[in-house]
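Visitor: the following block contains a protein sequence and its predicted model.
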Amino acid sequence: MKKTLLTLFAFTAVTLSACKKDHPIITPPTTTYPDMAEAADPAILMTTADGVKAYNGGFGSAVAADPKDPNVFYLLTDRGPNAAGSVTDAIVFGKADFTPEIGKFRLKDGKLVLEQTIELKNTNGVKLTGLPNPAGQGATGEIADDLTGKILSPDPDGIDSEGMVLAADGSFWISDEYGPHIVHFDATGRTIERINPFGTGTGGRKLPLVFAKRKPNRGMEGLAITPDGKTLVGMMQSPMFNPSKSAVSNSVVLRILTFDIASGATKQYAYLMDNVTLTGVSDIVAVNATTFLTVERDGLYGGDATNPATFKKVFKISLDGATDISDPANGANGKLFDGKTVEELNNQAGLQAAGITPVSKTVVLDLLKDLPTVYPHDKAEGLAILPGNILVISNDDDFGILDNGKGGFAAKILPATKSVDHNRLYFKKINL
């Protein structure tokens, strides 16, 4: 693959001496990034009875760059390999005891080398599962089965991890598609605090009640932290079922939540997804205190000759001038406008009629057109920004498997490459 070399100055200090002309000038060491780096030799996580392999793999739901080492990236798994069951609402968990985890990867010789895994645990140090939550605690309505058909009990600590940020102290904040929950983990993966709309977390703090209306498995897909480390910014993947699924069938209105880490104070803003056919917004990353990047996508594969992807774009958005749509009364449906929820306003015209200004939004990168090679994946799920405005994009490879339509698994083969999908990072310099 032809390389476009992106150079990051890891250190910017140049030592000069006004007194000694022969004092040496220190040349800053540099890191050169390839267009793309793939995870090297992912281990086999499980093999089904009919020989389908699931890989670990699964890293790519989110990516965070290590500010102390330009070659280190932290990538997040979701709840584990799963597929639709043979009955309504059934979900088959291929490895029921899978623990969602963070992988520490090092970029070495153009490959991503897994150096460490950090398993996520509750406050008592017990490993988390990716199993759905009980009713009233973030349930999605799914019935979890294992490969033998045994029904698995819901897990109040279960997490479908999707968004992640690395804090300055080495701890992690992670958001999920269940509750939604926002969970603070220490550097070893142990829960410090769990926050959700239900009051069933730890620490006593809550998210606004309206977020319990999230569409099942379309929860808080993205999470950012402002550069000062004071504010979390959560991005919902799709319009929430607020007040109901049928009421928002034509809506493109998503919510952004800001959460002051010290006080727990929140604000909310409206975001307009490009069109109703999209899977939604997969991540958000901070440029500064009010400017962010998001990625919206369809669910199709780039380079597929039969049914190609048409929409995978990164947008720059700004909260400046946007209307805070928070509900001071913290009602179950949030603040109403002429009796309608924000989601029921549907689009730009509906928001404008209600006096709501959404966040501004402009395209900065089209993954299907602006990369030097084809983007072959269906999913673009993680964003990070490196110094020099180098954007990092991670794909979720779904552990190299997909639903076979029969309550089981098939290999996830990319149409463009004719090979199993694996985790990759793409590097692209952008204009901000």
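Guide: It's in. None of these values were measured; they are calculated from a predicted model. Numbering: from 1, shown residues only.
Visitor: tell me who's in contact with the closest residue to residue 334 other than its chain neighbours.
Guide: What sits nearest to residue 334 in space, not counting adjacent residues and going by Cβ to Cβ, 6 or more residues apart in numbering, is residue 210, at 3.5 Å. From N, CA and C alone the C-beta is placed, and that goes for glycine too. By Cβ atoms under 8 Å, 6 or more residues apart in numbering, residue 210 lies in contact with 197, 240, 242, 255, 327, 331-334.
Visitor: and if you look at residue 341?
Guide: 242-243, 247-248, 333-334.
Visitor: coming back round to it: which SS class is the residue nearest to residue 334?
Guide: helix (DSSP: H, G, I helix; E, B strand; the rest coil).
Visitor: for this structure, name the helix or strand with the lowest mean pLDDT.
Guide: strand 6-9 (a mean of 48; mean pLDDT, DSSP states H and E).
Visitor: next secondary structure after it?
Guide: strand 30-33 (DSSP states H and E).
Visitor: the helix or strand immediately after that following strand in the chain pairs with which strands?
Guide: Downstream of strand 30-33, the next assigned helix or strand under DSSP H and E is strand 36-39. Next to strand 36-39 in the sheet, as set by DSSP bridges, lie strand 111-119 (parallel), strand 424-429 (antiparallel).
Visitor: out of those, nearest to residue 89?
Guide: strand 111-119 (28.2 Å; Cβ to Cβ).
Visitor: in the closest one, what's buried?
Guide: 112, 114, 118 (16 or more other Cβ atoms under 10 Å).
Visitor: equivalent analysis for stretch 308-316, please.
Guide: 309, 311-316.
Visitor: excluding chain neighbours, what is closest to the spatially most central residue of the chain?
Guide: Nearest residue to the geometric centre of the chain (Cα atoms, centre = their mean): residue 163, 3.7 Å. Among residues not flanking residue 163 along the chain, residue 223 sits closest, at 3.1 Å (Cβ to Cβ, 6+ apart).
Visitor: same for the helix or strand containing the one you found, what does it pack against?
Guide: Counting by DSSP H and E, the element that carries residue 223 is strand 220-225. Strand 220-225 makes packing contacts with strand 161-166, strand 172-176, strand 231-236, strand 280-286 when contacts are defined by 3 or more Cβ pairs under 8 Å, 6 or more residues apart in numbering; DSSP states H and E.
Visitor: which outside residues touch the third one?
Guide: Contact partners of strand 231-236, identified using Cβ under 8 Å, 6+ apart, comprise 163, 165, 173, 175, 180, 182, 211, 214, 218-226, 254-261, 271, 280-281, 283-284, 286, 289, 292, 294.
Visitor: pull the distance from that strand to the chain's centre.
Guide: 11 Å (Cα atoms, centre = their mean, to the nearest Å).
Visitor: who does it pair up with?
Guide: Short version: by DSSP bridges, strand 231-236 pairs with strand 220-225 (antiparallel), strand 253-260 (antiparallel).
Visitor: tally of neighbours for residue 353?
Guide: 11 (other Cβ atoms under 10 Å).
Visitor: nearest residue to it in space, ignoring adjacent ones along the chain?
Guide: Spatial nearest neighbour of residue 353, excluding adjacent residues (Cβ to Cβ, 6+ apart): residue 345 at 7.6 Å.
Visitor: and for residue 366?
Guide: residue 313 (5.3 Å).
Visitor: which residues are in contact with the helix or strand that neighbour falls within?
Guide: Assigned by DSSP H and E, residue 313 falls within strand 312-318. With contacts defined as Cβ under 8 Å, 6+ apart, strand 312-318 is touched by 271, 274, 287, 290-298, 302, 359-368, 375, 380, 383, 391, 393, 430, 432.
Visitor: distance from that strand to the middle of the chain?
Guide: 14 Å.
Visitor: and that strand, which strands flank it?
Guide: strand 291-297 (antiparallel), strand 360-366 (antiparallel).
Visitor: now mean neighbour count too, for these, in a markdown table please.
Guide: Listed next are the strands paired with strand 312-318 as a markdown table, based on neighbours: other Cβ atoms under 10 Å:
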| stretch | mean neighbour count |
| --- | --- |
| strand 291-297 | 24 |
| strand 360-366 | 15 |
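Visitor: export the strands paired with strand 231-236 to CSV and tack on mean neighbour count, mean pLDDT and distance to residue 92?
Guide: Putting the strands paired with strand 231-236 into CSV (neighbours: other Cβ atoms under 10 Å; pLDDT from 0 to 100; distance: least, Cβ to Cβ, whole Å) gives the following:
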stretch, mean neighbour count, mean pLDDT, distance to residue 92
strand 220-225, 28, 98, 22
strand 253-260, 22, 98, 29
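Visitor: export those to JSON lines and tack on distance to residue 192?
Guide: Listed next are the strands paired with strand 231-236 as JSON lines, based on distance: least, Cβ to Cβ, whole Å:
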{"stretch": "strand 220-225", "distance to residue 192": "15"}
{"stretch": "strand 253-260", "distance to residue 192": "15"}
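Visitor: quick one: which of these is nearest residue 33?
Guide: Per Cβ to Cβ, nearest to residue 33 of the strands paired with strand 231-236: strand 220-225, 21.4 Å.
Visitor: quick one: contacts of the closest one?
Guide: By Cβ under 8 Å, 6+ apart, strand 220-225 touches 62, 162-165, 167, 173-177, 179-182, 211, 214, 231-237, 257, 280-286, 292, 294, 381, 383.
Visitor: repeat that for stretch 79-87.
Guide: Against stretch 79-87 from outside (Cβ under 8 Å, 6+ apart): 45-46, 54, 58, 90-95, 98, 100, 129-131, 143, 145, 158-161, 398-399, 401-409.
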